[in-house]
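> Here is the input, now give the coordinates:
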Amino acid sequence: MFKAYASSESSAKNEEEKKPIVPSSSSSSNNNSANESTWLENKSFSTEPSIVPFQQRSIISTKSDPLIDVKPKEEKKPIAKPIQHIISKKQETNDDVFYIDRRRDRANITVQYTHGVPRYGAKFCNQRPLGSRIIKPSRKQRIIRYFHHKLEDIDNQSSDSLVTVDNRLEQLNITVREQPHSFDAWKELIDYQFYLFKTNGQQEKLTALYKKQLSIVDRALELNSNRLQYRLLKLNIRTRSHLFDHDTLLNEWTILIKDCQKSSDDRTINETWFSYIQFILNRIEVFSIDKLNDIFIQYFSTYAYHIQTRSEKERRFLLNHMIDIFQIWTCVLRDAGYCERALGLYQTMIELHMNLTTDIKIDFSERLETIEKTWDTDKLRFGEQIEIENPISYIDNELSLLSEHENHLFNSTYQSWILIEQARIDFYQLKILNHGIHFHSKLLQSLNDSSQIDNDILNISFQRFIRPFIFELNDQRQFLQLIIYYLYYLNGLPQLTILQEIINKFKISLSNHLQEQLFIDNEFIQLYSLIHSISFIRTEKNFSMEYISKVYEQIISIPSLKSYQIEFILLYWYYLAANILELKQQNPSLSKVRLKSLQTIIKKYLSLEEYRTCLRLYTHYARLEYEYFQRINEGRRIFDLCLQTIRTNSINFSSYDSYGDLCYWLSTSLICEFNLNHLFDNMLKIILENSKFISIDKQINKEKLCLSITFILNKLFPNIQFNDIITLVIDCLKCRKFSKWDQKTDQDWSTYLRQNIYVSFELLFIFLNYLYLLNDPFDKLHSIILNSIIPLINEQRNKINQTIIDYILRFYLSILWNELFIEHLLFNQCTNYLKQLLENIKWPSIILLKFLSIYTCFLPLYGNYVKEYEQTILSYKYNQKNEYHLITKMFILQMNLIRHVKIQKANVINEKLNSGYEHRVRHILRQLIQEYPYYVQLWLFYEYFERYSPNNNRIKSVLYDAMQSCPWEKTLYMKSISNSTNDSEWKLFLNVMLKSNVHILFSLEEFNMLKELLDMKT
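I've put the predicted structure just below:
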């Protein structure tokens, strides 16, 4: 980077004299807003369009001007002729390696200011130096010049075989030179190195990548030595690189945590604590539950102090982060075997804030003292409902049965303790917790033999394990978020689609960490079944359906949550429906029993006076019958009953609040009729099982649906033409911001739609369905989607509107899939439609990527589009935000896994066929785990994939790597010990568990006894 100096008017003039001035007829070549590539490709200096008189005068005369007279004189008028665009061009030479860039440099590193020479008693000189901008005569003039090396012209530049240089890299380097204090610019430059090095999991390239990133961070720290953000960024890269000793990293993290307490940047403080906790969680060398317990105590005590010194808005921001960290801590305790402690934390927090909105508020410390006094008593905690008449005799009986079962399992081998350990886990989980029983002093004294009870379960001290992690919430939304986290802890949440829809009603936002976990869980549900039939029930992984049902009923009855009662009822219904679907494959008889109980629960709520005419609940009841239980006729009957209610009770549906329910009922009925939620399942059946395709026209009644749409639109927009309604909706979506001055009347559709963007997108979804039902050609629908709706989606997309936007894309893709089979649409045409859609959508749409991942399995194995699609969604342009990385890589994994399964199914018929995609799937899984090693769901799926692969010798190494990255997960230890083949291995795993303080129900005395028996046996 070089500075250009123009210190006087004469120097600028002499510079002009040396350059021949050539007029140009093209104005675009000298525009300041020209694209970046123009500047990069131009090897000469250039100036802006000349529009001031002195440059026109310079065409006439190139001689040197006389000396400047200090006396004021009259300014000459310019020659009256059209202003021409002039380019001053320097003779190009072979040694020219610079180009000019006039963009502003906020850091003033590459800027040289040149001021005009004043005249006494007159205005400033109106002649401006080369490169300056047009200025007013009364202001000082200033020129800004930037000169940058042209990398492609430097012969002596050192080449690096591991990295490629492109225009984007040059622009990022220019940006950080011009804005050295911009953290986002440095962060983008560092993240971009990953796409330049193209590591592909190779250790040599990974090491070079991390060293390059660290060198960039060091350069940023030189210019921003006092910024906490850059220190955190550097430490995160050092932690991720695995190039440094864990003791060194731990010391650096400790110093950074101490320093961040002095900062006022709450966002960076939150990120620092989250990264520090992740470092402790994902390093087996430094991990232990006791150490983590102390770190979380330090976190909550620190934030309790910060909250007292912050404003109301800042306090709410910090509390939201505390709730997120609280959720991480409880899930770690659950997965490490301390389920009772985590459950006690949630029960205490909920009981403290159940009456958050009541008029009479008791002091927080008083409420906490009340709970502490009743902690070691038989008082029922939140979620507990004991239906056993005599718990003491029940526990004594179950303990005796457990003892007999352990004697049967013990066979004097090292693996026998794993079987006994699992039996004890089932005892505490299924027999104690699921029945709402917690141990207390009075209960233990009444038991015949309490020595069989584990000490860590008996001695859950309130002061030691509960009180340090409890904090006070400020508003109801935080309490709602805590309830959702509690349901997630119990595995009591429904599928992701309906969960997102209901969370939007709560107007809360889950943590990014939890959203990614929910996304992974949702996608892996289908992938597990592709590899092998699932043998576990996700919805009852830790707690039984009966226990979770009691929790839901108590949540629904909380007085302070009365306004959100319908949302929790729907969560309850959909959780039970998801549980029934899982049981349908493994235990059909039990699923039928639970289906009848669900219908009884639904009718119980619908029979209540307040919900007897609730259109929203009836709409979801029909959706459950239609989608989950595949009872199409029953679902249609309930939808028709809703329509009849709307026709007869027109008074109840005459306000704008009820209009939202009408749109929701109509859009939900269309979603069910077109079977949009089962689109991907049907696609996989056609690809993997060669099932017969059923066209949309055979599934729906077009005339009936058209009548329903017409009736609702006439009710909502009486005396308004169809095209005028569409225009109104689109105009409302084009308006980005809404002001109170835009509101014309209290009852105004324009105001309502601009305030409720979700309803506007619902109307667009209804219009698209209506056009299809009127037999409009597919090309017209494609044009409307591409040219009218996609731009609106790009502008207005957010978390609240995401659900209905996904249904718009589902509908379009469903019609495209139908055209491919019924109308004999060529694959080439279908691929072109999808490419246009992929290019115009400005974010990685989960629906579109999922469709493409399945659709590409129809195309040739080594087709150009398959490779192009994979390169596109893995490119930097498609992954500029960090949250997009997981989404794109997940669907690349799905695409290759579906191809692998498809070829494996063909192997049954032709044994000569071999799938090369097995190694490709394994490679993508390793890359995914390398970037997200802290998600145990990825490791468990990797182990599941290797378990059912032809060569399952890799299971042990996968589990070993998984334990190193997720040392808190007890399941990984149990699986590893089950796969061990000798005594030394299981002793090693046992020692690691003891060091990490993972909860083991098998006592040390029993281990010593088992060791002696094994020694005697050998």
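
> contacts, neighbours, all on C-alpha from now
OK.

> burial measure for Gln585, as a count.
Look at Gln585: counted by other CA atoms under 10 Å, it has 12 neighbours.

> before we move on, what about Asn714?
Neighbour number of Asn714 under other CA under 10 Å is 13.

> and it, what does it touch?
Ile720 (CA atoms under 8 Å, 6 or more residues apart in numbering).

> Please tell me how far it sits from Ile725.
10 Å (CA to CA, to the nearest Å).

> Could you pull out the strands in the stretch 651-800 of the chain for me?
Applying DSSP state E, counting those that start in this stretch to the stretch 651-800 of the chain gives no strands.

> so where do the helices sit in it?
With helices called from DSSP state H, counting those that start in this stretch, the stretch 651-800 of the chain shows them at 656-673, 679-689, 696-699, 702-716, 722-734, 749-755, 757-773, 778-784, 790-796.

> comparing these, which gets the lowest mean pLDDT score?
Note on the helices of the stretch 651-800 of the chain: lowest mean pLDDT is at helix 749-755, with a mean of 85.

> buried sites along that helix?
For helix 749-755, the buried set under the neighbour-count rule, 16 or more other CA atoms under 10 Å, comprises Trp749, Ser750, Thr751, Tyr752, Leu753, Arg754, Gln755.

> For Arg538, state which of the residues you listed is nearest.
Minimum distance to Arg538 across the buried residues of helix 749-755 is 38.6 Å, recorded for Gln755 (CA to CA).

> Low-confidence bits of the protein, can you list those?
1-165, 357-361, 412, 736-747, 861-863, 908-915, 1018 (pLDDT under 70).

> Please parse the chain into its domains.
491-652, 933-1017 (the TED database).

> how about those domains in TSV, adding distance to Gln229?
Compiled in TSV, the domains of the chain are given as follows (distance: least, CA to CA, whole Å):
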stretch	distance to Gln229
domain 491-652	19
domain 933-1017	22
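
> Out of the ones you listed, the one nearest Arg283 is which?
So among those, domain 933-1017 is nearest, using CA to CA, at 6.1 Å.

> what distance separates the start and the end of that closest one?
41 Å.

> can you tell me the helix or strand for Pro933?
For Pro933, there is no host helix or strand (DSSP states H and E).

> Equivalent analysis for Tyr210, please.
helix 203-223.

> what comes up buried for that helix?
205-206, 209-214, 216-218, 220-221.

> Please state the offset of it from the chain centre?
27 Å (CA atoms, centre = their mean, to the nearest Å).

> Three-state assignment for Thr981, please.
coil (DSSP: H, G, I helix; E, B strand; the rest coil).

> Go through the helices of the stretch 651-800 of the chain and name the closest to Ile484.
That would be helix 757-773 among the helices of the stretch 651-800 of the chain, by CA to CA, at 22.6 Å.

> And that closest one, what does it pack against?
helix 656-673, helix 702-716, helix 722-734, helix 749-755, helix 778-784, helix 802-822 (3 or more CA pairs under 8 Å, 6 or more residues apart in numbering; DSSP states H and E).

> Which other helices and strands does the fifth one contact?
Helices and strands touching helix 778-784, by 3+ CA pairs under 8 Å, 6+ apart, are helix 757-773, helix 802-822.

> Could you dump the ones you listed into TSV and include mean neighbour count?
Below are the helices and strands packed on helix 778-784 laid out as TSV (neighbours: other CA atoms under 10 Å):
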stretch	mean neighbour count
helix 757-773	21
helix 802-822	19
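
> Quick one: closest of the ones you listed to Asn411.
Across the helices and strands packed on helix 778-784, closest to Asn411 is helix 802-822 (CA to CA), at 54.6 Å.

> re earlier: mind checking which of the helices and strands packed on helix 757-773 is nearest Leu510?
Of all the helices and strands packed on helix 757-773, helix 802-822 comes closest under CA to CA, at 14.7 Å.

> Name the residues that touch the closest one?
For helix 802-822, using CA under 8 Å, 6+ apart, the contacting residues are 497, 500-501, 671, 674, 676, 679, 693, 695-696, 758, 761-762, 765, 769, 778, 782, 785, 793, 797, 825-827, 830, 847-848, 851.

> Please, where are all the strands along this protein?
21-24, 85-88, 98-101, 146-149 (DSSP state E).

> Tell me the one of the buried residues of helix 203-223 nearest Glu582?
Of the buried residues of helix 203-223, the one sitting nearest to Glu582 (CA to CA) turns out to be Leu206, at 41.6 Å.

> Which residues are in contact with that closest one?
Thr199, Ser241.

> The same query, at a cut-off of 10 Å, please.
Residues near Leu206 by CA atoms under 10 Å, 6 or more residues apart in numbering: Leu162, Phe194, Phe197, Lys198, Thr199, Asn200, Lys212, Ser241.
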